[in-house]
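In: Sequence and predicted structure below; questions after.
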Amino acid sequence: MEPMNKREGGQAEAAAAGQREAEVGKIGGRAGEAGRSEAEVSKVARPNKKTPRRMRRGEVPHGSAWALVSGAGSGIGRCYARRLAAAGYNLVLVGNRQQPLESVREEIAALESWCDIRIVVCDLARVDAARELFDRTQSEGLEIDVLINNAGMFSFRDMLQTPEERIERIILLHDLTNTQLCRLYASEMARRGHGGYILNMSSYSQWMPWPGLALYSASKAYLRAFSVAFAKEVREVGIRVTAVSPAGVATDLYGLTPRWQRIGQRLGVLISADHCARAGLRALWRGRRSIVPDWWNRLWIPLCKILPMWVLRPVRRFTMKFQK
């Protein structure tokens with residue numbers, strides 16, 4: 001019987017020693033936890049909780065601000081709308097046709113279900129268009145923090161062959177309406193005292209006053225010159241104004257088929273609409289007054305200004321069949 005008692009006594013002592021080590025381990029664990037920072041302890045206690053992502057330049061909390069985009073039914077305007085929604089803005093989509101605007105709204109709503117999207121069908125190539133649009137957003141209580149004047153019309157035709165109505169509509173749309181929209185919405189931004197952002201879409205063609213582009217390039221040159229001067233006037237009230245002057249963009253504006261748009265992008269002659277929108281918004285958030293997307297396009301500006309007529313004449317003869 002005695003050997004059996006010794007074994008039982010040894011097992012009892014081993015069990016007691018193991019219990020003491022476990023208690024010491026618990027005390028040591030608590031002491032080590034007490035030595036950690038609150039952030040480390042919190043991270044251990046809630047291992048699945050994600051750290052909030054730092055907001056990028058131009059981003060706002062979802063639904064806390066409004067952006068208005070004209071010409072939002074397709075092309076660059078559609079891309080501006082998508083990017084602004086991704087940055088947290090509610091949207092006012094403006095265009096002269098209902099169906100394209102509805103398609104863009106459905107597309108964005110599928111990606112950003114929280115986004116409040118309003119549609120305004122309006123022909124902006126009219127004398128009273130800017131006031132009508134402004135009054136519409138005011139009546140609905142929408143405080144516009146970002147204004148994107150993107151709507152435009154392309155014209156490639158000699159002035160002697162250009163109908164009077166087209167001359168009037170292009171100057172109204174590119175120059176008068178955009179100028180009045182800048183004045184109306186900037187006044188409201190200044191009154192609220194929170195600042196704001198305005199982007200005007202000019203064009204690289206302002207440095208290309210070639211045959212067929214007299215009307216279009218001149219109207220876009222005005223818009224850039226106005227934007228740069230206006231930006232200096234309103235900077236002291238916290239409003240940033242940017243003119244974007246892209247070269248060729250793969251959109252339907254020039255009448256190119258999707259196939260030729262893809263070929264133009266492969267050759268580097270055209271950039272995508274989304275690339276243009278990304279560059280424009282980046283410049284806007286940074287307070288740039290005027291930009292030309294992509295550095296290689298900026299290199300060609302001096303050459304565009306000095307091309308002699310003996311170079312342009314054969315080009316003009318070739319392009320006459322494309323004028324419309």
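Out: Thanks, I have the structure now. Numbers count the residues shown, from 1 in each chain.

In: Which residue ranges of the chain form strands?
Out: 66-70, 90-95, 117-121, 144-149, 196-201, 239-244, 290-291 (DSSP state E).

In: could those go into TSV alongside mean neighbour count?
Out: (Glycine included, C-beta is placed from N, CA and C.) Conversion of the strands of the chain to TSV gives the following (neighbours: other Cβ atoms under 10 Å):
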stretch	mean neighbour count
strand 66-70	27
strand 90-95	26
strand 117-121	17
strand 144-149	26
strand 196-201	25
strand 239-244	25
strand 290-291	18
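
In: Can you give me every residue that contacts R82?
Out: With contact set as Cβ atoms under 8 Å, 6 or more residues apart in numbering, R82 has these partners: 107-108, 111, 274, 277.

In: 10 Å instead, please
Out: With contacts taken as Cβ atoms under 10 Å, 6 or more residues apart in numbering, R82 has the following neighbours: 69, 72, 91, 104, 107-108, 111-112, 274, 277.

In: re earlier: so which of the strands of the chain is nearest S155?
Out: Ranking the strands of the chain by proximity to S155 (Cβ to Cβ) places strand 196-201 first, at 15.3 Å.

In: Make CSV out of the strands of the chain and add mean pLDDT and distance to T162.
Out: CSV is the format used below for these (pLDDT from 0 to 100; distance: least, Cβ to Cβ, whole Å):
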stretch, mean pLDDT, distance to T162
strand 66-70, 98, 23
strand 90-95, 98, 24
strand 117-121, 97, 27
strand 144-149, 98, 23
strand 196-201, 97, 21
strand 239-244, 97, 25
strand 290-291, 92, 28
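
In: now, which of the contacts of R82 sits nearest A125?
Out: Distances from those to A125 were compared by Cβ to Cβ; the smallest belongs to A72, at 15.8 Å.

In: And the closest one, how far from R83?
Out: A72 sits at a distance of 12 Å from R83 (criterion: Cβ to Cβ, to the nearest Å).

In: These two: which is more packed in?
Out: For A72 versus R83, neighbours defined as other Cβ atoms under 10 Å are more numerous around A72 (32 against 19).

In: isn't the more buried one right next to A81, touching?
Out: Yes - in this structure A72 lies within contact range of A81 using Cβ atoms under 10 Å: 4.9 Å.

In: what's the overlap in contacts for the two?
Out: Common contacts of A72 and A81, defined by Cβ under 10 Å, 6+ apart, comprise 91-93, 101, 104-105, 108, 117, 148, 150.

In: which among these gets closest to I239?
Out: Closest approach to I239 among the shared contacts of A72 and A81 (Cβ to Cβ): I148, at 14.0 Å.

In: So that closest one is in contact with L281, correct?
Out: Yes - in this structure, I148 sits in contact with L281. The criterion is Cβ under 10 Å, and the distance is 8.7 Å.

In: Relative to R126, how far out is the nearest residue to T162 once chain neighbours are set aside?
Out: Of all residues not flanking T162 in the chain, L215 sits nearest, at 6.1 Å (Cβ to Cβ, 6 or more residues apart in numbering). When Cβ to Cβ is the yardstick, L215 and R126 sit 18 Å from each other.

In: So the two - more neighbours on which side?
Out: Applying other Cβ under 10 Å to L215 and R126 shows that L215 carries more neighbours, namely 20 against 15.

In: what's near enough to touch the more buried one?
Out: For L215, the set of contacting residues under the criterion of Cβ under 10 Å, 6+ apart consists of 153, 155-159, 162, 166-167, 170-171, 174.

In: neighbours around L223, how many?
Out: The tally of other residues near L223 (other Cβ under 10 Å) stands at 24.

In: Correction: the previous question concerned G63.
Out: Applying other Cβ under 10 Å, we find 13 other residues in the vicinity of G63.

In: these two touch, right, it and D116?
Out: Yes - G63 is within contact range of D116, at 6.3 Å (criterion: Cβ under 10 Å).

In: any common contacting residues for the two?
Out: Taking Cβ under 10 Å, 6+ apart as the criterion, G63 and D116 both touch 89-90.

In: How about the contacts made by V237?
Out: 186-187, 189-191, 193-196.

In: Pop the domain breakdown of the chain in here.
Out: The record's domain parsing of the chain by automatic domain parsing lists 2-45, 66-322.

In: Pick the most buried one from those domains.
Out: Taking mean count of other Cβ atoms under 10 Å as the contact definition, the stretch among these with the greatest mean neighbour count is domain 66-322, which reaches a mean of 18.

In: State the distance from D135 to P61.
Out: For D135, the distance to P61 - Cβ to Cβ - is 28 Å.

In: Perfect, that will be all.
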